[in-house]
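> please find the sequence and the predicted model below.
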Amino acid sequence: MAEASGPSLVEQHTGKQAMVYKKEVPLALKGSASALCNNLSILLNLSKGLISYAVVHKSVVNLISSTTDGSSANHRQVICKEPSATHPSTLVIQARLVAMATRTILVITSQKGIQMFEADGSLMLYWYALGEVAQEEQRYVVHCCLDGNFCVI
């Protein structure tokens with residue numbers, strides 16, 4: 001097998017050696033992760049030296065905020081439910097940490113609607129409920145994104 005010689009493509013274009021992989025300190029979740037697409041959201045905040053993770057499992061979003069060197073980590077669980085105590089919990093479709101111009105928020109999309117929280121999950125900022133529909137119909141929020149203004153699709 002021939003060995004590659006010379007600089008990589010990244011080195012040729014930037015003049016710096018590329019770092020392909022860096023091992024980090026492992027972080028343990030307080031729960032498991034659902035087998036969904038979009039079940040993980042990561043937000044890197046270099047100015048504060050934090051990495052935040054949001055992981056979806058059924059009706060719970062597990063939040064982990066860690067320093068970039070992995071020396072400390074904070075865990076929190078956010079349960080997605082309707083404001084009314086009479087309704088059971090609902091399944092989360094996606095949780096996303098969204099960095100807006102003035103603040104970072106946690107957006108949770110579910111079968112019942114959209115919930116927006118502070119980035120650490122401590123305070124609900126906004127709740128938009130999808131209306132009730134007949135059994136044969138389905139309504140749910142599929143994805144959220146940010147493009148200048150906040151958009152939920």
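Everything's here; your move.
> rest of the way, CA atoms for contacts and neighbours
OK.
> now residue 111: phi and psi?
Its backbone dihedrals place residue 111 at phi -70, psi -30, with angles given as degrees, to the nearest 10.
> for residue 44, same thing?
Per-residue torsions, residue 44: phi -100, psi 120 (degrees, to the nearest 10).
> ok, and the closest non-adjacent residue to residue 56?
Counting by CA to CA, 6 or more residues apart in numbering, residue 56 lies nearest to residue 39, which is 5.0 Å off, once chain neighbours are set aside.
> can you give me the helices in this protein?
Secondary structure of the chain (DSSP state H): helices at 9-14.
> where in it is pLDDT low?
Counting by pLDDT under 70, the low-confidence segments of the chain come to 1-22, 82-89, 133-143, 145-153.
> mind running it again at 90?
Per-residue confidence for the chain (pLDDT under 90) gives these ranges: 1-39, 45-49, 58-59, 68-71, 79-94, 98-104, 109-114, 126-153.
> neighbours around the residue nearest to residue 56, how many?
For residue 39, the tally of surrounding residues (other CA atoms under 10 Å) stands at 19.
> need the contact list for it.
Applying CA atoms under 8 Å, 6 or more residues apart in numbering, we find residue 39 in contact with 33, 54, 55, 56, 57, 93, 94, 95.
> with those in mind, which one is nearest to residue 65?
Minimum separation from residue 65 among these (CA to CA) is found for residue 54, which lies at 8.9 Å.
> can I assume the closest one is in contact with residue 42?
Yes. Taking CA atoms under 8 Å as the definition, residue 54 is a contact partner of residue 42 at 6.6 Å.
> please identify which of these two sits among more neighbours.
The neighbour count for residue 54 versus residue 42, taken as other CA under 10 Å, is higher for residue 54 (26 against 16).
> beta partners of that one?
With DSSP bridges applied, the residues forming beta bridges to residue 54 are residue 41, residue 63.
> for residue 128, see how far away it is.
When CA to CA, to the nearest Å is the yardstick, residue 54 and residue 128 sit 20 Å from each other.
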